[in-house]
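Undergrad: Got a predicted structure plus its sequence, pasted below:
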Amino acid sequence: MNRIRECRKMKKLTLKQLSEELAKNDFKISPDALGKYERGNREPKLETWIKLADFFNVPVSYLQGISENKVAIHTSVNKSVSDVISIIYSLLIYMEKHPNMSKVPVTTLNGIVLSKKAFNALLNASMYFGWLSENKIYSSIKQVASNISKENYSNLNKISNPNDIENICFAFRDKAIQLFNDTFISNKSLIDGAIEGVDTALSVLNMRAFGDSDSLPSNVDTSLYHTLVQVFENAKKQIISLSKTENKSSKK
């Protein structure tokens, strides 16, 4: 979960009071919207994350629940790895909501430069995140962001060159692919669905090849028909084998 409620309570503000205080800083947001952000029912835009973090005087990454670092960084030049991870997290959320996004933004809202390689890595990551079940998308991206921050960049060094940002984007991509593969292999309903899909394809193939006849018509390429059947049956065997392998490993 994010830490918006925690930070609000620390300042001893109600949702209405927080809304009023933000309005004094020329940022209008309703108490209802703030409540939804706190409960995780709605994901704030990156601009909103930044405004809230500035108000509470904490890093965006801390407010998002990604980092444990409470010390705010007020310079737009020296970005910490934690800051960049939080920006990429927000960008991935945006890309997941806008799947047709394909242009490389030269800079993000608060000055992080993305190369074409970095952006393409995020496009790839957003595709795999998007394939996960709907209720896992946001929590999965946040978990990946948190893991990258803790495992690979726990010292929160400053970003020193564009390669640092690219490496973080590649890490998101690799973690997203791994998460997708793990979900597919371990999710019985997905495996059952894949088997059902192959069975359906076989049924359609037979229906189109045989029609109302009990044997293949003369105008059907027998060799091609048997080749296609073999491909589908092999695919089904591999999926079943994958399922059995996963079941064995989960019992150990």
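TA: Nice, thanks for sending it over. Numbering: from 1, shown residues only.
Undergrad: For the residue positioned nearest the centre of the chain, which non-adjacent residue is closest in space?
TA: Nearest to the mean C-alpha position of the chain, by CA atoms, centre = their mean, lies residue 129 at 3.6 Å. Excluding the flanking residues, the one nearest residue 129 by CB to CB, 6 or more residues apart in numbering is residue 176, at 5.2 Å. For every residue, glycine as well, the C-beta is placed using N, CA and C.
Undergrad: any idea how far the helix or strand encompassing the one you found is from the chain center?
TA: Assigned by DSSP states H and E, residue 176 falls within helix 162-186. Average the C-alpha atoms of helix 162-186, do the same for its chain, and the two points are 9 Å apart (CA atoms, centre = their mean, to the nearest Å).
Undergrad: ok, the residue nearest to residue 129 touching residue 128?
TA: Yes - look at residue 176 against residue 128 with CB atoms under 8 Å: they come within range, at 4.0 Å.
Undergrad: Okay, domains of this structure per the record?
TA: Domains of the chain are assigned by automatic domain parsing as 75-185, 187-251.
Undergrad: Strands of the stretch 101-250 of the chain, start to end?
TA: In the stretch 101-250 of the chain, no strands are defined using DSSP state E, counting those that start in this stretch.
Undergrad: before we move on, back to that, and the helix holding residue 176, what's its mean pLDDT?
TA: For helix 162-186, the per-residue pLDDT values average out at 82.
Undergrad: List the buried residues of it.
TA: 164-166, 168-176, 179-180, 183 (16 or more other CB atoms under 10 Å).
Undergrad: just curious, which of these is nearest to residue 217?
TA: Closest to residue 217 out of these is residue 180 (42.0 Å), distances taken as CB to CB.
Undergrad: Spell out the residue ranges of the helices in the stretch 151-252 of the chain.
TA: For the stretch 151-252 of the chain, the helices defined by DSSP state H, counting those that start in this stretch occupy 162-186, 188-210, 222-251.
Undergrad: closest one to residue 70 among these?
TA: Closest approach to residue 70 among the helices of the stretch 151-252 of the chain (CB to CB): helix 162-186, 21.1 Å.
Undergrad: Identify, out of the domains of the chain, the most deeply packed stretch.
TA: domain 75-185 (a mean of 17; mean count of other CB atoms under 10 Å).
Undergrad: surely residue 25 meets residue 50?
TA: No - with contact defined as CB under 8 Å, residue 25 does not count as touching residue 50 (11.9 Å).
Undergrad: Who has more neighbours out of the two?
TA: Between residue 25 and residue 50, counted using other CB atoms under 10 Å, the more crowded position is residue 50 (19 against 10).
Undergrad: For the helix or strand in which the more buried one is found, buried residues please.
TA: Here residue 50, judged by DSSP H and E, is contained in helix 46-56. By neighbour count on 16+ other CB under 10 Å, the buried set for helix 46-56 is 46, 48-56.
Undergrad: Equivalent analysis for stretch 4-11, please.
TA: 4, 7-8.
Undergrad: From residue 205, how far out is residue 229?
TA: Applying CB to CB, to the nearest Å, one obtains 7 Å for the distance of residue 229 from residue 205.
Undergrad: scratch that, residue 241
TA: Taking CB to CB, one finds residue 241 at 22 Å from residue 205.
Undergrad: again, but for residue 34
TA: 55 Å.
Undergrad: Next: residue 6.
TA: 58 Å.
Undergrad: coming back round to it: out of the helices of the stretch 151-252 of the chain, the one nearest residue 142 is which?
TA: Smallest distance to residue 142 across the helices of the stretch 151-252 of the chain (CB to CB): 11.6 Å, for helix 162-186.
Undergrad: Identify the residues contacting the residue nearest to residue 129.
TA: Listed by CB atoms under 8 Å, 6 or more residues apart in numbering, the contact set of residue 176 reads 124-126, 128-129, 140, 144.
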